[in-house]
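[1] When you get a sec, could you give me coordinates for this:
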Amino acid sequence: MATLTKDRSQNTIATPQVHVNERCVGCQECIIRCPTKALSLESEKWVAEVDNSLCVGCRQCERVCPVSAVTVEGPVVVAERTKLASHGGLIRKGDISEVRPGFATLDAAAKEAERCLNCPDPTCMRGCPAHNDIPAFIEAIRNRDLPKAQKVLATTTFLPDVCSRVCNWANQCEGACTWALAGAEPVAIGKLERFVTDNSPFEPSRRGRDTGKRVSAGIIGSGPAGIAAALELASAGASVTMYDRETALGGVMHWGIPSYVLPDNASQRPVKALVDAGVEVRAGGEIAPGSIDELLKKHDAVIVALGAPVPERPEIPGSDLKGVVDATTFLKKAKTALSRSERMPDVDGAVVAVLGGSNTALDVARSVLRLGGRPVVIHRREERSSRARRDEIAEAKTEGVEFRFATNISALEGDEGGVKYAVLVRTRQKTASATAEAVVGTESRLKVDMVVLATGYGLDRTFATALGKLPLIAPSTGRVLPDRRWLASGILARGNAAGEDAWEREFALRSSTVPRRERVWLIGDALTGPSTVVASMAQGKAAARAILEQFSGR
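    You can find the predicted model right below:
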């Protein structure tokens, strides 16, 4: 049960009040989902009745009622979110220490865990692409049993130490938390997951090993999707070989996420787990479209877990000038330099324009700071429309990153020595989702020494002949209606954005279990386009289980 607060001075109604009108048909949807047992069934009239003294104003009953018979007035009654140490502010050159603090003590973590309602139909689990049993692991923390919390997480995720640092919780588990859906601060699910993994050694859950002929699987790609598929298969006794053109494994976890966001001990742990699980790794070799047919001769099944490492370059006059680089190239060099305490002469003391508004753009900008440069993030959309995490934007501002939202680069100017100026133009949007349009007559010039293009990633197009148009699934709201369980949970009530995004991820997760060619499965970026670490991981596990099921009877 959540810890409650009695401070309701800002509300005109002192306590939550649930009202059930004449439309109630006694379906009991509200009763079975009320986490505080404030609702029950009146046996004579067969309608819901309320004990408002037990209500905490979470509004689950209101969201799940199929006939709009329930309304809730008054405050949300929940304790304040447990405070953590604030971001340290301006950073020192070369400092790659982790920027986001976690819970320092079990007491602090347990206090936050007390805020969880332990909902009967937890929407937070639907918001999590991996469907972690969030109430169960939080209850274990509340009971101060970290080994049990770790075991709960291990049943659904191979990357809790990674996801608890890089997930956009506000758009996933925390955005789907009952408290968030009611307009209050959600339980700090991401921080609690991190506390478990930081303080209880992670051991993947082992499935029962096959007693018959083993399945042989080949996996192309060693990012989060490929790693999850490999570990799921290996833990069930399958023979797994992983192929990657890069010599270093881990995909985006290795080259794309800075160490101050994702420390090396977290990013490399799942790579080590591959070796410990007996996965054969063949890295540094050429991977081409024809490789799929060759691998099908060696393996029963092939999983294509190609990432999206190919940078998209916008058509900007002057983008071919020296000193204009893509984010992939920059991040790889920056991570190496920072890890070795080396200087990047072209960045140290330089003004670096970073074009883009994603988390990748922020990773570039914050790396520039740590290399001694002055980053200026230029994004054509308004801040409210940025794809970057809100907390990352706040952290970057605190560190000293300069932002110019509602601004675009219309041209780059320079000479044989390289780029010298970025021509900027102001933009405007009619709505938050509308295309940002340039405002004529607002041009200005910014003196720059380098420009990093962080405008997105694409897939390796050479695989199109073997797999068809990639990605196979493009996100499209309303493509397939959610099933009854999703609708009844209330996660999609009132057009909740986190709920809609969760259903899109669920559709992709279910699609990952279906082979796209005979004995060939696609997961991660190859399936959906640039995806998140946790969604890719979940698809990897799902595809692996589908393969195990298909070949289990041999």
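
[2] list the buried ones in the longest helix belonging to the chain?
    Using DSSP state H to define each element, the chain has its longest helix at helix 533-551. Buried positions in helix 533-551, judged by neighbour count with 16 or more other CB atoms under 10 Å: 533-548, 550-551. Heads up, the C-betas are built off the backbone N, CA and C, glycines and all.

[3] ditto for stretch 27-43
    27, 29, 30, 31, 33, 34, 35, 36, 38, 39.

[4] Which single one of those residues is nearest to residue 82?
    For those, the minimum distance to residue 82 (CB to CB) is 19.7 Å, reached by residue 35.

[5] okay, that closest one: pLDDT?
    Predicted confidence (pLDDT) for residue 35: 96.

[6] how far away is it from residue 115?
    Distance, residue 35 to residue 115, using CB to CB, to the nearest Å: 12 Å.

[7] If we ignore the residues flanking it in sequence, what's nearest residue 545?
    residue 232 (6.4 Å; CB to CB, 6 or more residues apart in numbering).

[8] and that neighbour, which of the three is it?
    helix (DSSP: H, G, I helix; E, B strand; the rest coil).

[9] Name the helix or strand of this protein that has the lowest mean pLDDT.
    Lowest mean confidence among the helices and strands of the chain (mean pLDDT, DSSP states H and E): helix 464-467, at a mean of 68.

[10] Any stretches of this structure with poor pLDDT?
    1-13, 88, 204-213, 464-465, 473-479, 553-554 (pLDDT under 70).

[11] What does the residue nearest the centre of it show for phi and psi?
    Centroid check for the chain by CA atoms, centre = their mean gives residue 167 as the closest residue, at 3.5 Å. Note on residue 167: backbone dihedrals following degrees, to the nearest 10 are phi -70, psi 150.

[12] How about the contacts made by the spatially closest residue to it that is not a sequence neighbour?
    Using CB to CB, 6+ apart and skipping the chain neighbours, the partner closest in space to residue 167 is residue 534 (5.3 Å). Residue 534 is in contact with 128, 129, 130, 157, 159, 163, 167, 172, 224, counting by CB atoms under 8 Å, 6 or more residues apart in numbering.

[13] The last one: neighbour count?
    It stands for residue 224. Counted with other CB atoms under 10 Å, the neighbours of residue 224 add up to 33.

[14] just residue 495 next, same as before
    7.

[15] on that earlier part again, my read is that the residue nearest to the centre of the chain contacts residue 532, right?
    Yes. With contact defined as CB atoms under 8 Å, residue 167 and residue 532 form a contacting pair (7.0 Å).

[16] longest single strand anywhere in this structure?
    Criterion DSSP state E: the longest strand present in the chain is strand 418-428.

[17] Can you list the strands that that strand pairs with?
    Here strand 418-428 has these sheet partners by DSSP bridges: strand 407-415 (antiparallel), strand 437-438 (antiparallel), strand 444-447 (antiparallel).

[18] Show me the one of those that comes nearest residue 153.
    strand 407-415 (41.7 Å).

[19] residues touching residue 217, list them.
    With CB under 8 Å, 6+ apart, residue 217 has these contacts: 229-230, 233, 238-241, 299-303, 544, 547.

[20] did I read that right, it in a helix?
    No. Counting by three-state DSSP, residue 217 is not part of a helix but strand.

[21] Reformat the strands paired with strand 418-428 as CSV; add distance to residue 109 and mean neighbour count.
    Converted to CSV, these look like this (distance: least, CB to CB, whole Å; neighbours: other CB atoms under 10 Å):
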stretch, distance to residue 109, mean neighbour count
strand 407-415, 41, 18
strand 437-438, 47, 14
strand 444-447, 45, 12
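
[22] Any idea which of these gets closest to residue 462?
    Set against residue 462 and scored by CB to CB, the strands paired with strand 418-428 come closest in strand 407-415, at 28.8 Å.

[23] For that closest one, which outside residues touch it?
    Contacts with strand 407-415, where a contact means CB under 8 Å, 6+ apart, come from 316-319, 321-324, 353, 355, 378-380, 419-427, 436, 438, 443, 445, 451.

[24] hang on, the earlier thing: which of the contacts of residue 534 fall in helices?
    Going by DSSP H, the helices hold 163, 224 from these.
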